[in-house]
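Peer 1: need the 3D shape of this:
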Amino acid sequence: CECRHFKSPSVYSPVRSCILQFVPIGFITALLYYFNFQIGSLIALLSILLTVLLSIAVIKTILFPYHPSSPSSTSFSAEIFDTVYEKQIVDRACDYANCLSSLIQLPTVSYEENGSHTIDYNQFLRAHELLQKTYPLTHKHLERHIINKYSLLYVWKPTSSSSTSSSTPSKPFLIYGHLDVVPAVDLEQWQQQPFSGTIRDGYVWGRGCIDNKQTPLCSLAAVDILLEKSFVPDRTIYLAFGHDEEVGGVNGAAHIAEYFKNEGITFDFMLDEGLFVIDGGLKGVKCSTALVGVVEKGHVSVDLSIEDGRLAGHSSFPDQKKSVIGIMAKAINRLESNLFPTYFDDVLRSTLLGVSPYANFPFRVIYNNLWLFAPVVKFIMSLDARTAALLRTTTAVTIFHSGTKSNVMPSSGYVTVNHRIHQNDTIQSVVDFDRAVIGDSRIKLKIQQECALEPAPVSTTKSNSFHAIHAATRKIYGDIPVVPACLAGNTDSRWFWSLTDKIYRYCPIRLHMSELSMFHG
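Peer 2: Presented below is the predicted three-dimensional model:
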């Protein structure tokens, strides 16, 4: 991928803009004060205060710009990229594309257990064979374990000499991905058939190219190349690939995590699927932005139900005040009209502060002075559903069932509401909020316990593991911001919370913001 570089705007530009904005304000203030209007005095005071605050923000941005901290050292050598990346990986791009194409052609589709489709597990076994054939060195030198028949676990151990070179050997780390994909629907809307693996215009097309078959492929390719270079890790490295992430990971990731617990294995950090290198994601930032998920929202589905035989009847003499569908419709309207409160949390602050050196004026001033502009930023983000989801717990009505015949007033109704829970909320606080907003004792609320998940713990960015991700990204993409962010969806990492306190959800693939709709589309 090409890498864009942008020069920082001259410091004279914001100064000149500052003068052009504040001189008229000062002039108007002086006039109001001169004519001694009572209201003018108030406006003059507010104008002076605003002028002072904006001046402080601009001066702070110019004289004391934010600079991301860099670690003094990490346990990962950038020299590896110099000797391996440009020569070996680029030369084999076509081979990797063909391998990904072959992997895409295997429809390793996960279906819900109560659905009408059955999973073809033979496709997962064929995927195992393909990876084994494509990466012979990896399968020769690494231990391979098959977990619960269809998930894979690789163990890359250091040699005895490399492990004893340090008095305190480093904890292992885990790279994770998954082999399964969601079903492909609306086939007529696909530019290429979802399981064709077509290679065209420099891209591989098909279901799983970015979610998430590229992770097993790229991870094993990296190991294969490093083995060719006789690279020896100074710690044990685990690579695990689940087979049912798209339906919750109960049979894949959960069993992998259980294996680690039984073996007493914990990790320095875990690298899982997640956010990307995004173009067009943040206003005022023209370069690509690498977003590393350090937290993911929780989720809960709440079932609303009403059952009352007294509400049934013939449609020829309806009572609109006692209509089941009407009652449920009012409840839905209240939920969708009364949104959860917004939060400007520390993760979002870190995201915006981290991109501030790369933003143009006036966004550089805004992002660098969130002590002043946070309410403005929060308001602007709340206007777009995609960014508003980062500020609050979201509400989505996904299922509505009621009625069986066109001339019968139903006696029961059922609605499912899905919430993605902000890290400042909890499952219980969300349900309490729903109950208070609905305000109708006839409607019963029940949590779907089997798929309820609290928000994930926040992983620190002040660690060598995060800085290694930072350094590797900038080595490939150049001088771009690498910042922490919140992942609105959920991954298999939920099963590993007890095994490490540092989980980074990140796929270093470059995408435009408009391309994110391809996920599960």
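Peer 1: skip the chain neighbours and tell me the closest residue to V365.
Peer 2: Nearest residue to V365 in three dimensions, chain neighbours excluded: T61, at 4.8 Å (C-beta to C-beta, 6 or more residues apart in numbering). Backbone N, C-alpha and C define where each C-beta goes, glycine included.
Peer 1: the one you found - how many residues pack around it?
Peer 2: Applying other C-beta atoms under 10 Å, we find 23 residues neighbouring T61.
Peer 1: then S55?
Peer 2: 12.
Peer 1: how much space separates it from P362?
Peer 2: 13 Å (C-beta to C-beta, to the nearest Å).
Peer 1: and the helix or strand where A329 lies, how far out from the chain middle?
Peer 2: Element membership of A329 [criterion: DSSP states H and E] is helix 324-337. Centroid separation between helix 324-337 and its chain, computed with C-alpha atoms, centre = their mean, to the nearest Å, is 31 Å.
Peer 1: which strands or helices does it pack on?
Peer 2: Under the contact criterion of 3 or more C-beta pairs under 8 Å, 6 or more residues apart in numbering; DSSP states H and E, helix 324-337 touches strand 298-307, strand 394-402, strand 412-421, helix 427-438.
Peer 1: switch the cut-off to 10 Å
Peer 2: On a contact count with 3 or more C-beta pairs under 10 Å, 6 or more residues apart in numbering; DSSP states H and E, helix 324-337 meets strand 298-307, strand 394-402, strand 408-409, strand 412-421, helix 427-438.
Peer 1: quickly, which of the ones you listed bottoms out on average pLDDT?
Peer 2: Among those, strand 408-409 carries the lowest mean pLDDT, at a mean of 92.
Peer 1: so S102 touches T134, yeah?
Peer 2: Yes. The pair S102 / T134 is scored as a contact, 8.0 Å apart, by C-beta atoms under 10 Å.
Peer 1: overlap in contacts of these two?
Peer 2: By C-beta atoms under 10 Å, 6 or more residues apart in numbering, S102 and T134 have these common neighbours: L217.
Peer 1: angle of the helix holding A329 against strand 394-402?
Peer 2: In terms of direction (axes from the mean of the first three to the mean of the last three C-alpha atoms, to 10 degrees), helix 324-337 departs from strand 394-402 by 170 degrees.
Peer 1: between helix 427-438 and helix 324-337, find me the angle.
Peer 2: 120 degrees.
Peer 1: hang on, the earlier thing: format the helices and strands packed on helix 324-337 as a markdown table; extra columns: distance to A254 and mean neighbour count.
Peer 2: What follows is the helices and strands packed on helix 324-337, written out as a markdown table (distance: least, C-beta to C-beta, whole Å; neighbours: other C-beta atoms under 10 Å):
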| stretch | distance to A254 | mean neighbour count |
| --- | --- | --- |
| strand 298-307 | 17 | 20 |
| strand 394-402 | 24 | 15 |
| strand 408-409 | 44 | 16 |
| strand 412-421 | 21 | 20 |
| helix 427-438 | 20 | 17 |
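Peer 1: and the contacts of the helix or strand hosting A127?
Peer 2: A127 belongs to helix 122-134 when assigned by DSSP H and E. For helix 122-134, contacts defined as C-beta under 10 Å, 6+ apart pick out 95-96, 98-99, 102-103, 105-110, 120, 138-139, 144, 146, 149-152, 154, 179-180, 195, 213, 216-217, 220-221, 224, 241, 243-244, 252.
Peer 1: switch to 7 Å and redo it
Peer 2: Identification of contacts with helix 122-134 by C-beta atoms under 7 Å, 6 or more residues apart in numbering yields 99, 102-103, 106-108, 139, 150, 152, 179, 216, 220, 243.
Peer 1: list the buried ones in that helix?
Peer 2: Q123, F124, R126, A127, H128, L130, L131, T134 (16 or more other C-beta atoms under 10 Å).
Peer 1: that one: how far from the chain's middle?
Peer 2: Relative to its parent chain, helix 122-134 has a centroid offset of 28 Å by C-alpha atoms, centre = their mean.
Peer 1: for the following helix or strand past it, buried residues please.
Peer 2: Counting by DSSP H and E, the next helix or strand C-terminal to helix 122-134 is helix 136-141. When neighbours are counted by 16+ other C-beta under 10 Å, the buried residues of helix 136-141 are found to be T138, H139.
Peer 1: coming back round to it: spatially, which two of the contacts of helix 122-134 are the most separated?
Peer 2: P107 and H139 (23.6 Å; C-beta to C-beta).
Peer 1: hey, where'd the strands end up in the stretch 401-521 of the chain?
Peer 2: Using DSSP state E, counting those that start in this stretch, the strands of the stretch 401-521 of the chain run over 408-409, 412-421, 444-447, 482-487, 503-512.
Peer 1: please apply the same query to the stretch 51-200 of the chain.
Peer 2: 143-147, 151-156, 173-178, 199-200.
Peer 1: in TSV, list those strands along with mean pLDDT, distance to G326 and mean neighbour count.
Peer 2: Formatted as TSV, these follow (pLDDT from 0 to 100; distance: least, C-beta to C-beta, whole Å; neighbours: other C-beta atoms under 10 Å):
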stretch	mean pLDDT	distance to G326	mean neighbour count
strand 143-147	98	51	14
strand 151-156	98	48	22
strand 173-178	98	43	25
strand 199-200	95	52	14
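Peer 1: okay, those strands in a markdown table with distance to G208 next?
Peer 2: Shown next, in a markdown table, are the strands of the stretch 51-200 of the chain (distance: least, C-beta to C-beta, whole Å):
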| stretch | distance to G208 |
| --- | --- |
| strand 143-147 | 20 |
| strand 151-156 | 15 |
| strand 173-178 | 10 |
| strand 199-200 | 14 |
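Peer 1: CA atoms of stretch 300-310 as CSV?
Peer 2: The C-alpha coordinates for stretch 300-310 follow below in CSV (Å, rounded to 0.1, in the frame of the first residue of the first chain):
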residue,chain,number,x,y,z
VAL,A,300,-26.9,-7.4,25.7
SER,A,301,-30.2,-8.3,24.1
VAL,A,302,-33.3,-7.5,26.1
ASP,A,303,-36.6,-9.3,25.3
LEU,A,304,-39.7,-7.2,25.8
SER,A,305,-43.0,-9.1,26.1
ILE,A,306,-46.6,-8.5,26.8
GLU,A,307,-49.1,-11.4,27.3
ASP,A,308,-52.7,-10.5,28.2
GLY,A,309,-55.8,-12.4,26.9
ARG,A,310,-58.0,-9.4,27.7
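Peer 1: quick one: pLDDT of M513?
Peer 2: For M513, the predicted pLDDT is 87.
Peer 1: E112 too?
Peer 2: 82.
Peer 1: repeat for I104
Peer 2: 97.
Peer 1: pretty sure it sits against G197.
Peer 2: Yes. Counting by C-beta atoms under 7 Å, I104 touches G197, with 3.8 Å between them.
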